[in-house]
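**Student:** I'd like to go over a predicted model; first the sequence, then the structure.
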Amino acid sequence: MANNMNKQLTKFEKQVFECIPAGKEHPISQQDLATATSTTRRNITSTVRKLRLKGRLVGSSRSSINGYYKIKTTEEFFENIGMLTSQRDTLSKTITAMIETFNDKEPLIGQQTLFNDF
């Protein structure tokens, strides 16, 4: 498996990563992270995804204290893997249901040409 930690971070990715605290005890909210880095919440979401893809272990908490944190324990790691797996499974079920519904019905009025390739 490739070592993603060697992937270079952009200046902004480094800035965001440095603002994220270690451990789930003190996560930083998406809004606070956006404010600290002078950007939008949407950009924080995208940047955290990029950090993760580059091998940085950034966790997220969705309990009473929502926010991002650097994963520092095995427990935190597996909690996040479980959460991400659950999100993936939910998206997969949603996609399957939408495809099944689409396949059972006539194409949407006014958009038939969009679906000629299906």
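**Tutor:** Nice, I can see it.

**Student:** nearest residue to the middle of the chain?
**Tutor:** R49 (4.9 Å; Cα atoms, centre = their mean).

**Student:** assumed that one was part of a helix.
**Tutor:** Yes: under DSSP: H, G, I helix; E, B strand; the rest coil, R49 sits within a helix.

**Student:** distance of it relative to G67?
**Tutor:** 16 Å (Cβ to Cβ, to the nearest Å). Placement of C-beta: from N, CA and C, glycine included.

**Student:** likewise M98?
**Tutor:** In this structure, M98 and G67 are 31 Å apart, going by Cβ to Cβ.

**Student:** pLDDT of the longest helix anywhere in the chain, averaged?
**Tutor:** When the chain is parsed with DSSP state H, its longest helix is helix 74-104. Helix 74-104 carries an average pLDDT of 92.

**Student:** so which other helices or strands are in contact with it?
**Tutor:** Other helices and strands packing on helix 74-104, by 3 or more Cβ pairs under 8 Å, 6 or more residues apart in numbering; DSSP states H and E, are strand 58-62.

**Student:** strand partners (parallel or antiparallel) of the strand it packs on?
**Tutor:** Strands that pair with strand 58-62, judged by DSSP bridges, come out as strand 66-70 (antiparallel).

**Student:** mind listing residues that contact the strand it pairs with?
**Tutor:** 17, 20-30, 32-33, 44, 48, 56-61, 76 (Cβ atoms under 8 Å, 6 or more residues apart in numbering).

**Student:** now do the longest helix of the chain: distance to the chain's middle.
**Tutor:** 12 Å (Cα atoms, centre = their mean, to the nearest Å).

**Student:** and the angle from that helix to strand 58-62?
**Tutor:** For helix 74-104 against strand 58-62, the angle by axes from the mean of the first three to the mean of the last three Cα atoms, to 10 degrees is 70 degrees.

**Student:** for helix 74-104, buried residues please.
**Tutor:** The neighbour-count check on helix 74-104 (16 or more other Cβ atoms under 10 Å) flags 76, 79-80 as buried.

**Student:** now swap in stretch 57-64 and tell me
**Tutor:** Per 16+ other Cβ under 10 Å, stretch 57-64 contains these buried residues: 58-61.
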